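Visitor: Turn this into a structure:
(one chain, ligands or ions: 1)
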Amino acid sequence: MTTGQLIIGLTIRNSTARQIGNYRSEVQGDLAARIQERGYSVRIYDEQGTSGADLSKRKIALGMLEDLRTGVIHGIGALDVKRLTRDEFGVDGALIARRIVEAGGRFHTWDREYNLRLEDDLLQFQFQCFIAGIDWRNIRNTLWSGIFKKLEKEPLYMKTPLGYHNVAGEDGKKHVAKDPDQAHVIERLAELFDEHDTLAQIVRILNSQGPQRPAFRGRGGDSTRWHVYGLRYILNNGIYVGTYSFGDKLTQRSTVWDKFAIDPLTRQPKTFAQHRPDLAYWEPARVRRWQRKFAKPANARIMKGTASEHLLLGVLECVSCGARMIGHGPGTYACPAVGSGRGRRGLACAEPQLIVENVALQILRQELPRAMANVQGLAEAARNHLTTREPSAAAQRMAYLEERRDVLAEQVINDEELGLALVPQLKKVQAEISALQQQVAEEEDARLDDAALEKTCAILLDSPLDAFDRLPVARQARVYCILFANVRIGVAGFAASRQWHLQQYLARIGDELRLTTDAPWARKPNPRAKLPEGVTHNVLIFDEITGPTLATDISARAYDRYLGSLGSLAGALAA
Ligand SMILES: [Zn+2]
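Guide: Take a look at the predicted model:
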């Protein structure tokens, strides 16, 4: 039933993966039979699932054209021209037509066989390509004009960012809103952004302690794991402070922008921006602070170990060799040399120390008043520096310029001739406003920083230690981690008569190494002793301190180096 010599290349394609295997491709399969009935062999070029209007991105189609050129096939078939090309400029159609003509002119559709070497047939073919282009353009234009129209009014996401979802409004259409089910995740993120110094640390904590990342569809399927780039995306996405923008980060814009999204005044592509306080989770100043912090990981001051149940990881050192102690079973810390006698980098330790977390916590609690006295000295100094800020000159000037811009803009719109002349003026004013916006934002930051500092100071100066004692243990440990490092706890005696005392530590706030020879010794109560009600054998008894223990006065020191730590400390103390 075929000539056996002449082969027609038949493309089978649908534009999206979703259409694969539906009736359309079956119909295209029937076309093969039809072409065979016309006396040809058929070679199938299966392009299913390939998208892209641009022929140059369709590898299989390009292969088919190459086969046509080299004589492997002798013509082309397609259900209709639309299936062959969707190029809005007709370039692909012209190119395909030329190849077909050179190869003998055979082009098959469902309806008929064309000979593109004949003027009439070629014209028909070209016309259909043209129509296909327009057709496609219309579909696309309808889609995009709808999208741009919506962008003028409200934020629009194909995939909503973490913390948001699309919900049907009273108008029956979908709108972006905060997702109350994810609010706890956003809240936890803010805590972690406040308290930690690198995003990698935060990712580790999130992946081990939760909350899980709400499931999202990534390249490898659904995932609930956290990644640094995901956190960075959140930090840089304006929607979390209530500013939605679209298009400002695009480096390339397709032709639809020229058609629908050109600012009539500046002739520049629009950037769509919406101010939506109802979608904000965080203060802009707070986010800017995070951005500054995480942009410079070198600033990391407070190193915390990997997330685990060891609350004091990174705080304790082996008293005999000075190595940083590691977790050694639940609630216990050990010199890394424990067992082998050799620790990190082969460092030997004569007497690898083991210590129970509960003991270390109590030893630190004993020192806490002195550490806090220092902090309060700094907070006092910081508070004395706080000033009341007047509304700035920049803010006033910006307000004036904004008014001027609005007047100008009105004239530009209402008076065509004068308006054109005013456009450069308008641009100049706008540029100045943009420059001032930056300055005003920074001033606002400083003001908010002051307000935050005032709050921090108030918490640090007013929070009595019995409030600290009411905090959960994990929170208390966080306070210790902020205040103490290089803690060495000396030990004396054996078994039931064992005693502990604080030998040295680094006061993180103030960066002062303290040798605490005056710290009292502590021991556990006699196991056979009858204890007052509510007291357990785990509670240490400290010796009486002879003479006063004086905190160093560090209030003269520059407090601004410690603002981050002071803030974290206040955050940990405020229940
Ligand atoms: Zn050691």
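
Visitor: burial of G104, as a residue count?
Guide: Other residues near G104 come to 15 when the count uses other Cβ atoms under 10 Å. Just so you know, the C-beta spots here come from the backbone N, C-alpha and C atoms, and that holds for glycine as well.

Visitor: these two touch, right, it and G71?
Guide: No - using Cβ atoms under 8 Å, G104 makes no contact with G71, being 9.5 Å away.

Visitor: Who are the packing partners of the top helix by length along the chain?
Guide: Counting by DSSP state H, the longest helix found in the chain is helix 416-462. Counting contacts by 3 or more Cβ pairs under 8 Å, 6 or more residues apart in numbering; DSSP states H and E, helix 416-462 is packed against helix 284-295, helix 357-385, helix 393-414, helix 563-573.

Visitor: E512 contacts L506, doesn't it?
Guide: Yes - at 7.1 Å, E512 and L506 qualify as touching, with contact defined as Cβ under 8 Å.

Visitor: overlap in contacts of these two?
Guide: Residues touching both E512 and L506 by Cβ atoms under 8 Å, 6 or more residues apart in numbering: none at all.

Visitor: More neighbours: which of these two?
Guide: L506 (16 against 13).

Visitor: That one - that's part of a strand, no?
Guide: Yes - using DSSP: H, G, I helix; E, B strand; the rest coil, the assignment for L506 is a strand.

Visitor: separation between it and G571?
Guide: Noted for L506: a distance of 21 Å to G571, by Cβ to Cβ, to the nearest Å.

Visitor: go on, L408?
Guide: Relative to G571, and taking Cβ to Cβ, L408 is found at 46 Å.

Visitor: So for those two, which residue has more residues nearby?
Guide: L408 (20 against 17).

Visitor: residues contacting the more buried one?
Guide: 422, 425-426, 429.

Visitor: picking that back up, out of the helices and strands packed on helix 416-462, deepest packed?
Guide: Ranked by mean neighbour count under mean count of other Cβ atoms under 10 Å, these are led by helix 563-573, which reaches a mean of 21.

Visitor: how far does that helix sit from the chain's center?
Guide: 24 Å (Cα atoms, centre = their mean, to the nearest Å).

Visitor: Report all helices and strands that that helix contacts.
Guide: Under the contact rule (3+ Cβ pairs under 8 Å, 6+ apart), helix 563-573 is packed against helix 183-195, helix 357-385, helix 416-462, helix 473-483.

Visitor: The ion: which of the ones you listed is closest?
Guide: With Cβ to the ion as the measure, helix 357-385 is the member of these nearest the ion (15.2 Å).

Visitor: pLDDT averaged over the closest one - what is it?
Guide: Averaging pLDDT along helix 357-385 yields 88.

Visitor: cool, and stretch 34-41?
Guide: The average pLDDT within stretch 34-41 is 89.

Visitor: Can you measure across that stretch, start residue to end residue?
Guide: 10 Å (Cα to Cα, to the nearest Å).

Visitor: Residue numbering should commence at 30 henceforth.
Guide: Renumbered: residue one is now 30, and that last one reads stretch 63-70.

Visitor: Okay, buried residues for it please.
Guide: By 16 or more other Cβ atoms under 10 Å, the buried positions in stretch 63-70 come out as 63-64, 67, 69-70.

Visitor: just stretch 175-185 next, same as before
Guide: For stretch 175-185, by 16+ other Cβ under 10 Å, it's 176-177, 180, 184-185.

Visitor: which among those gets closest to T227?
Guide: P184 (30.3 Å; Cβ to Cβ).

Visitor: now the angle from the helix or strand hosting L235 to helix 313-324?
Guide: Assigned by DSSP states H and E, L235 falls within helix 228-238. Per axes from the mean of the first three to the mean of the last three Cα atoms, to 10 degrees, the angle that helix 228-238 makes with helix 313-324 is 100 degrees.

Visitor: And helix 228-238, what does it pack against?
Guide: Under the contact criterion of 3+ Cβ pairs under 8 Å, 6+ apart, helix 228-238 touches helix 212-224, helix 257-265.

Visitor: which stretch in those is the model least sure about?
Guide: helix 257-265 - the lowest mean pLDDT of the helices and strands packed on helix 228-238, at a mean of 88.

Visitor: tell me how far whichever helix or strand comes after that helix is from the chain's mean position?
Guide: Scanning forward in sequence from helix 257-265 by DSSP H and E, the next helix or strand is strand 272-275. Put simply, strand 272-275 sits 15 Å off its chain's centre (Cα atoms, centre = their mean).

Visitor: Name the surrounding residues that touch strand 272-275.
Guide: Contact with strand 272-275 is made by 180, 184-185, 267, 300-305, 308, as judged by Cβ under 8 Å, 6+ apart.

Visitor: what's the distance between the nearest residue to M401 once chain neighbours are set aside and A599?
Guide: Nearest residue to M401 in three dimensions, chain neighbours excluded: L494, at 7.1 Å (Cβ to Cβ, 6 or more residues apart in numbering). L494 is 15 Å from A599, where distance means Cβ to Cβ.

Visitor: Could you do I518 as well?
Guide: From I518 to A599 the distance is 27 Å (Cβ to Cβ).

Visitor: Same question for T99.
Guide: Counting by Cβ to Cβ - T99 and A599 are separated by 76 Å.

Visitor: Ok, R98 next?
Guide: 74 Å.

Visitor: would you list the helices and strands packed on helix 592-602 in TSV and tack on distance to the ion?
Guide: Formatted as TSV, those follow (distance: least, Cβ to the ion, whole Å):
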stretch	distance to the ion
helix 212-224	29
helix 386-414	15
helix 445-491	35
helix 502-512	21
